[in-house]
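>>> Show me how the following folds:
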Amino acid sequence: MATGYQLRVLFVVILTDCSPTNPKQLWDTYKHRICDDLRHTLQHRHIRENPSDEDVWDYGLFLIDHLLSQLNKSLKSWPDMPQIQQEWAAAVHNPLIAREQDYDAQQQTQLTEERIALLNQDQISAFDIIKQVAESKSGQCFFLHGPGSWI
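Numbering: from 1, shown residues only. Okay, the predicted model is just below:
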């Protein structure tokens, strides 16, 4: 019994140190277990809201390739192994983006609804205009000063 991360590390050890005769068959047989934690990770980090099995396995290959890169190797060293099909690095390796995307969407929606109900008339007016500009992506800038005034 092991976690997905531990199984990915074990898979890398098998690839690099044990020279398996058919690494693709090994991957195909155990990819469900090797990647069993990744669906939740993709959803929780807002990388993919509804990942397919193929997304999960591709992300698993990306993580395995990352582990291999620490050993100066790559999945490309095993030509019969499936290769990464998607671009994961931008979504995964930027901690600033990951931190900003690490939130509970339902909780934020509920909080927004609660807070909008507490706005005074000037704040509602400012909110509506700023929301409209943001949705239209016009690039207009605003300066807010005080709890109910806007310029």
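>>> which residues of this structure score low on pLDDT?
Scanning the chain for pLDDT under 70 picks out the ranges 1, 93, 95-99, 101-103, 146-151.
>>> Kindly recompute the last result at 50.
Segments of the chain classed as low confidence (criterion: pLDDT under 50) are 150-151.
>>> Spatially central, which residue of it would that be?
Nearest to the centroid of the C-alpha atoms of the chain, with distances taken as C-alpha atoms, centre = their mean, sits residue 47, at 2.4 Å.
>>> Who are the contact partners of residue 78?
Residues touching residue 78, when contacts are defined by C-beta atoms under 8 Å, 6 or more residues apart in numbering, comprise 15, 23-24. For glycine as for every other residue, the C-beta is placed from the backbone atoms N, C-alpha and C.
>>> just residue 47 next, same as before
Each residue near residue 47 by C-beta under 8 Å, 6+ apart is listed here: 41, 59, 88, 91-92, 101.
>>> Those residues: which two are farthest apart?
Across the contacts of residue 47, the longest distance by C-beta to C-beta is 15.1 Å; it joins 59 and 101.
>>> Looking at those two, which is more packed in?
residue 59 (23 against 14; other C-beta atoms under 10 Å).
>>> Quick one: classify the more buried one as helix, strand or coil.
Of the three states, residue 59 takes helix under DSSP: H, G, I helix; E, B strand; the rest coil.
>>> what about the nearest residue to it once chain neighbours are set aside, how many residues close to it?
Using C-beta to C-beta, 6 or more residues apart in numbering and skipping the chain neighbours, the partner closest in space to residue 59 is residue 38 (5.3 Å). Neighbour count for residue 38, taken as other C-beta under 10 Å: 23.
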